[in-house]
Structure formats: C-alpha cells, structure tokens
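*Asks:* sequence and computational prediction follow.
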Amino acid sequence: MTKDQIFEFFRLLAEDNPDPQTELEYGNAYQLVVAVALSAQATDVGVNKATRALFAKVKTPQQMLELGEEGLREHIKTIGLFNSKAKNVIALSRLLVDEYGGKVPDSREELVKLPGVGRKTANVVLNCWFGQETFAVDTHIFRVGNRTGLAKGKTPEQVEAKLEKRVPAPFRLGAHHWLILHGRYVCKARTPECWRCPVVDLCSFKKKVLEKPKGRV
DNA sequence: CTCCCGATAT
DNA sequence: ATATCAGGAG
C-alpha cells in the first residue's frame, strides 16, 4: 500500500466507526490489566461474563489477594487457560502491592515485568488507559495487517514495527481499535465478509469473498 | 517449539 | 468435529 492508500484505509475505517472503544469491561487501570490478561485466546464476551461478578467485588490488587487464587479460579473457570491465568493474576497483584504501591505502572518496561503481561497486553494498557500511541498486535490485527497488505510480517513484532512506521499521525491513537474491530466483525478469520468491507478496494487479499453468500444477513 | 483450555461459530 | 478466540511462559 502507498502512503495515500494507507491514509485512505484509515479514513474509511474511521468514517465507518468514529469512536472505536475496547469491548472489555473495566472500571480502573488495575481491572483493565486483569481483563486483558484474562483475554488471551478467549472472546471479549466470555471474559466480560466472568469479570462482571469478579470486578463487582474486586477493584484493587489488595482485594484480589484477599479473594485468593482459589476464589479467583471459581470466577474465571469458564474462560480457557483459567488455571495459569489465575496464578498469573494473583502473582501480578502481589507484585503490584509489593513493588508499585498498588498502582499500575505507565511504562511498557515495567508492565511486562508483571506475570501474564507480555508486550501485547502492555501495549493495550498503554493505549487504552494511558493514551499512548501503541500498536497491540493481537490475533485480529496480525491477520488484518497480513491480509490487507497494510503491515505484513511473520511475527506480531514485525507487524507492529511496520504499523509504527506506516500509520499516519491523525490515526495513530485509534488505529489499534479500528484494526481490531475490523478484524473481529468484518475481516474475520474463517469467514471474511469482504462484500461489506469498507476497505476492500485497497486490500491485497487473494481470496476475496466479494459475493454475499445467499441466505445470510 | 509446546503447553495451557472453556465457550462459541462454522 | 474442529477452528478460533484481544497470548504468555517455560
């Protein structure tokens, strides 16, 4: 994609969805960290279903430690990978209390020290809570970047590096959400809905599904 | 690289 | 039945 095409790409996504937001539910920075840590290889809908009850009781890392690993496991056992996630969230909460005064740090360097928090989760927190222009390359953004030709790469890090270079200034803060929502609802993994895609004319996807399958909405 | 792992869409 | 879902750790 040329510079002009990339600008047009985001202009169209922005026009389609003026104010994109995360679909994870949270009330503060700590809950955001927990929600994103729980969301690995799980749907936002499934995570929200579990955190609704959890976050009503637990709003701070101190309260999470009071709940304990076993109590947390009960809340999140409907989410995949719940065992390792419970361990991580307890460990992460302990570290926040012991080393950070119960507050979520605002740098990637510090965030990735938290158990269960890798580069992608750190980038989400930096963007959604601290308003930084980060590009959290999850499964959706990885797919959209590679399919469309916006940012091809063999690893999420490579895709992130290309986004870092290519996304124009006016779209840098929102790009992360435009791409993820586009990937979730239009440029889907199994059944991409190219017939209703706003950026189909700019896309390099070889197997474009241009016709709307009959009997679908 | 493998392991972790329930719910949902196809 | 199986692919996929806001990945990260060992």
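*Replies:* Good, I have the coordinates.

*Asks:* quick one: the nearest residue to A:Arg108 once chain neighbours are set aside from A:Val97, how far?
*Replies:* Computed as CB to CB, 6 or more residues apart in numbering, the closest residue to A:Arg108 that is not its neighbour in sequence is A:Ala122, at 4.7 Å. Backbone N, C-alpha and C define where each C-beta goes, glycine included. In this view, A:Ala122 and A:Val97 are 19 Å apart by CB to CB, to the nearest Å.

*Asks:* up against DNA strand B, what does chain A have?
*Replies:* When proximity is defined by CB under 7 Å from any atom of the strand, chain A lies next to DNA strand B at A:41-43, A:45-46, A:77-84, A:188, A:190-191.

*Asks:* host element of the closest residue to A:Gly153 other than its chain neighbours?
*Replies:* Using CB to CB, 6+ apart and skipping residues adjacent in sequence, the residue nearest A:Gly153 is A:Val159, 4.1 Å away. Taking DSSP states H and E as the criterion, A:Val159 maps to helix A:156-166.

*Asks:* give me the contact list for that helix.
*Replies:* With contacts defined as CB atoms under 8 Å, 6 or more residues apart in numbering, helix A:156-166 is touched by A:1, A:3, A:6, A:119-120, A:123, A:135, A:137-138, A:141-142, A:145-146, A:150-153, A:175.

*Asks:* now, of the residues you listed, which are buried?
*Replies:* Neighbour counting by 16 or more other CB atoms under 10 Å classes A:1, A:6, A:119-120, A:123, A:135, A:137-138, A:141-142, A:145-146, A:150-151, A:153, A:175 among those as buried.

*Asks:* most widely separated two among the residues you listed?
*Replies:* Spatially, the most separated pair among these is A:Met1 and A:Arg119, at 24.5 Å (CB to CB).

*Asks:* out of the residues of chain A next to DNA strand B, who has the most neighbours?
*Replies:* A:Ile79 (20 neighbours; other CB atoms under 10 Å).
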